[in-house]
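**Q** with the input below, show me the fold.
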Amino acid sequence: MKNLIKKNLNGKVILFLFLLTNIVYAIMLLITIPKVMQYSGGMQLLDMLPTGYNHDYVRTLLDTLGSQGRDVYLHTQIPVDMIYPGLFGISYCLMMAYFLNKLGKLDSYLFYFCLIPVFSGIFDYSENIGIISMLNKYPDNSDLLTKVTSVFSVLKSSFTTLYFIFLIFILVALGKRKLLPAGR
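**A** So this is what the prediction gives:
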């Protein structure tokens, strides 16, 4: 895995992937999520609840969305959100590796920080599969399906937050290195 990451540490490729990832994210934030939200009565979508949700919330949301809103969620938001986690995992993994390499720390234990967005992407896919199941099984959703999907939502959000915290520390370290001469 480390060799595959090292082989792909090309700044232009990483920048392209970063831009592509964030274009897809912007499409979700500006187009697909608002489209579903038109049917939600102000309730947040499951994808947007970082602390999770319970069976009652899911039932109320899916009831409120109605048939048309559930259809828009399933056929508009989810397809775009099936592209995003892979892009996020790959581009942000490579970005962390790129900055760690600049610090000369890619071969240290810090390398494992590069894998955090990959796990975030895996949990995002797992969350999406749970949401697809809930949308398709409506109104017969089990409490277990809701709990498992909610756990994936929390894990996705936790790993994403953890990644950005580590990225900030890495960027601060890189900035200090660039701004302060060696030996200070």
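
**Q** worst-scoring helix or strand of the chain, pLDDT-wise?
**A** helix 2-7 (a mean of 90; mean pLDDT, DSSP states H and E).

**Q** need the longest helix for this structure.
**A** helix 143-179 (DSSP state H).

**Q** contacting residues around the helix or strand following the least confident helix or strand of the chain?
**A** Remark: after helix 2-7, the chain's next helix or strand is helix 11-27, criterion DSSP states H and E. Where contact means Cβ atoms under 8 Å, 6 or more residues apart in numbering, the residues beyond helix 11-27 that reach it are Asn8, Val80, Ile83, Tyr84, Leu87, Phe88, Ile90, Ser91, Tyr92, Leu94, Met95, Tyr98. Where C-beta positions appear, they are placed from N, C-alpha and C, glycine not excepted.

**Q** any idea how far the helix or strand hosting the last one is from the chain center?
**A** Using DSSP H and E, Tyr98 sits within helix 84-103. Helix 84-103 has its C-alpha centroid displaced from the chain centroid by 13 Å (Cα atoms, centre = their mean, to the nearest Å).

**Q** give me the buried positions along stretch 150-167.
**A** Neighbour-count burial for stretch 150-167 flags 150, 152-160, 163, 166-167 (criterion: 16 or more other Cβ atoms under 10 Å).
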